[in-house]
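> generate a structure from the sequence data that follows.
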Amino acid sequence: MDPYALSDKTWCQEIGRRLDRLREDRKMSRDELGEELGVSQPTVRRLLDEGHGKLTILIAALRALEALDQLETFIEPPPANPALFKKKRRYTAQLDAVPDRLNSQQKTQNDEGGDLGW
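The predicted model follows:
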């Protein structure tokens, strides 16, 4: 199936159908799903039959159906950028060195008569 050949409305209806199948597989009634989500039956009907609803309700439905992990199949985390990782490591190394430099400066000042420069 070409995902771009389907309209947005068709995709929403397909997501609603898939949620309804998950609900049936979990042996959960629509009333039980509505109670779990804290929404009315018309809201459950719109979500499952028409694919209409808020994204927060979709997330809650996936959680109630113990299928939240399936969300990752179409929202993959971005790949790690090695350049940013290297930059972060270099910055962290610089921060780790700061206390040592301050301690050696304070030690030198203390050895020179105890003046901390305040």
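
> drop to CA atoms for contacts and neighbour counts, all remaining ones
OK.

> quick one, domains of the protein?
With automatic domain parsing as the criterion, the domains of the chain are listed as 3-73, 80-118.

> low pLDDT regions in the chain?
Scanning the chain for pLDDT under 70 picks out 1, 74-78, 84-118.

> how about a cut-off of 50?
106-112, 114-118 (pLDDT under 50).

> mind listing the strands for it?
In the chain, no strands are defined using DSSP state E.

> Asp8: neighbour count?
By other C-alpha atoms under 10 Å, 11 other residues sit near Asp8.

> who's in contact with it?
Counting by C-alpha atoms under 8 Å, 6 or more residues apart in numbering, Asp8 touches no other residue.

> if I look at it, how far off is Leu47?
14 Å (C-alpha to C-alpha, to the nearest Å).

> so what's Gly53 up against?
Contacts for Gly53 were tallied using C-alpha under 8 Å, 6+ apart; they are Thr43, Arg46, Leu47.

> export those to TSV and append columns for neighbour count and distance to Leu65.
Shown next, in TSV, are these (neighbours: other C-alpha atoms under 10 Å; distance: C-alpha to C-alpha, whole Å):
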residue	neighbour count	distance to Leu65
Thr43	17	16
Arg46	14	17
Leu47	23	14
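
> of those residues, closest to Arg26?
Comparing the contacts of Gly53 against Arg26 with C-alpha to C-alpha picks out Leu47 as the nearest, at 17.1 Å.

> neighbours around the closest residue to Val44 other than its chain neighbours, how many?
Spatial nearest neighbour of Val44, chain neighbours left out: Gly34 (6.0 Å); criterion: C-alpha to C-alpha, 6 or more residues apart in numbering. Counted with other C-alpha under 10 Å, the neighbours of Gly34 add up to 18.

> roughly how far apart are Gly34 and Pro79?
Taken as C-alpha to C-alpha, the span from Gly34 to Pro79 is 36 Å.

> same check, this time on Arg45
Separation of Arg45 from Pro79 (C-alpha to C-alpha): 37 Å.

> out of the two, which sits in the busier spot?
Each of Arg45 and Pro79 has its neighbours counted (other C-alpha under 10 Å); Arg45 has more, 17 against 6.
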